[in-house]
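Colleague: Sequence and predicted structure below; questions after.
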Amino acid sequence: MRQLSRSRPTDSLLFLCFFFAGSALIIGFFILDRVEPFHQPFALQNYTLHYPYAVNERVPIPLALAISGGFPVLVIVVYTIVLDGLFSHSKPVNIATGKRKLMGKYRLKDRLWELNCGILGLVLAQGAAFVITGALKNACGKPRPDLIDRCKPRTFEQPEFGLSNYTICTQTDHEILKDGFRSFPSGVYNTSPC
């Protein structure tokens, strides 16, 4: 039997495809972040929208990204380099007989390839989660619980039909107001399973 080996051009092409797909998803996320979300009408008397706006978040964005990206990378590194290399049920193929060896470890080269695939898979999964979540947040435009504090409305008078829209807001920082209409779906729940 012949030895099964990976073709280097195929590996390089696969790596480039994953790399460009992951990069495109990350770029797509930043583009979607610039898009103006749909602004659902809201009632000024809706007390679920009257929470105070937190200027300083409890978990800063860089820390959240480090946790949601760094911890999975650490798990992938430990698993592929240490655990899978030592205790895997898949063993290398014996060149002479074509059968799998009963004993033996993956070569470091094989483990590094698995590490590469794992990290690229994580980048693709998180990139897809961010892009899909960003697109849904822009499409739904559901107000956050602190929208009234973000909006700083001119008046609290009841409109004729009961609902107000973003035009009554006096917020000068457009990014704060724009983020006030991106409540659903929660980005925390979409990045934590990755």
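Modeller: Arrived safely, thanks for sending. This is a predicted model, so every value here is computed, not measured.
Colleague: What's the first helix or strand after the lengthiest helix in the chain?
Modeller: Ranked by number of residues, the top helix in the chain under DSSP state H is helix 108-140. Using DSSP states H and E, the helix or strand that follows helix 108-140 in sequence is helix 147-151.
Colleague: Please write out the alpha-carbon positions of that following helix in PDB.
Modeller: The C-alpha coordinates for helix 147-151 follow below in PDB (Å, rounded to 0.1, in the frame of the first residue of the first chain):
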ATOM      1  CA  LEU A 147     -32.000  53.900  25.200                       C
ATOM      2  CA  ILE A 148     -33.800  56.800  26.900                       C
ATOM      3  CA  ASP A 149     -30.600  57.800  28.700                       C
ATOM      4  CA  ARG A 150     -28.600  57.400  25.500                       C
ATOM      5  CA  CYS A 151     -31.200  59.300  23.500                       C
END
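Colleague: follow-up on the earlier one: list the helices and strands the longest helix of the chain packs on?
Modeller: Applying 3 or more C-beta pairs under 8 Å, 6 or more residues apart in numbering; DSSP states H and E, one finds that helix 108-140 makes contact with helix 8-34, helix 71-77, helix 84-87, helix 187-191. From N, CA and C alone the C-beta is placed, and that goes for glycine too.
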